[in-house]
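[1] Fold the following and give me the result.
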Amino acid sequence: MRQLPVYYYSSVSNLIRRFATHLTAADGRPVLDLSERENRANEPVGPWVLLTPSYKAGNDAHATLPAPVRSFLRSPITRRRLVGIIGSGNRNFGEHYQAAARELSRVSGRPVIFEFELAGTPEDVAECARRLAAFDERFAGIGPEVAPDDGK
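    As a prediction, the model looks like this:
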């Protein structure tokens with residue numbers, strides 16, 4: 001069965017990259033780094049999942065989604081093929097914890113599959129992998145077009 005690829009962005013802290021690396025080690029799932037231009041420039045072939053951090057730290061003026069993630073989501077085809085979101089955050093952000101994943105879920109109509117703090121724990125990786133496997137089954141055999149473009 002095809003495993004849905006996870007596209008992720010990680011800052012210089014590498015917290016998200018560590019989680020993504022552990023996720024691919026858990027079940028061989030393809031993970032693609034959006035900090036690499038080539039990955040941002042290509043549209044996913046079929047259904048895919050986004051793993052994104054939230055950077056909002058209590059200031060409503062700050063952008064929540066990292067610029068490479070916003071750039072990747074500019075394509076209507078890429079947005080249409082997005083089927084779920086995984087969020088990473090820092091509880092020190094208070095009410096803005098997981099702001100990026102939750103806001104993107106709200107505007108896209110796609111579910112937040114899993115949330116974790118900072119780089120996550122081994123238990124977080126195992127639970128996220130389990131939830132992704134359920135999504136693999138749900139989207140098995142579905143062609144590249146998943147949902148109508150929401151125009152956003």
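[2] And the strands in the protein, which stretches?
    6-8, 31-33, 48-53, 82-89, 112-117 (DSSP state E).
[3] Take these and write them to a markdown table, including mean neighbour count.
    (Glycine included, C-beta is placed from N, CA and C.) Formatted as a markdown table, the strands of the chain follow (neighbours: other C-beta atoms under 10 Å):
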| stretch | mean neighbour count |
| --- | --- |
| strand 6-8 | 24 |
| strand 31-33 | 18 |
| strand 48-53 | 26 |
| strand 82-89 | 24 |
| strand 112-117 | 19 |
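[4] contacts for the longest helix seen in the chain?
    Scanning the chain for the longest helix, with DSSP state H as the assignment, gives helix 122-138. Applying C-beta atoms under 8 Å, 6 or more residues apart in numbering, the contact partners of helix 122-138 are 1-4, 6, 19, 22-23, 26-27, 29, 47, 49, 83-84, 86, 113-114, 116, 120.
[5] Show me where this structure dips below the pLDDT cut-off.
    55-63, 143-152 (pLDDT under 70).
[6] which stretches of it form helices?
    15-27, 37-41, 67-72, 76-81, 99-108, 122-138.
[7] any chance of these in a markdown table, plus distance to Ser54 and mean neighbour count?
    Shown next, in a markdown table, are those (distance: least, C-beta to C-beta, whole Å; neighbours: other C-beta atoms under 10 Å):
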| stretch | distance to Ser54 | mean neighbour count |
| --- | --- | --- |
| helix 15-27 | 11 | 19 |
| helix 37-41 | 19 | 13 |
| helix 67-72 | 11 | 18 |
| helix 76-81 | 19 | 18 |
| helix 99-108 | 4 | 19 |
| helix 122-138 | 16 | 16 |
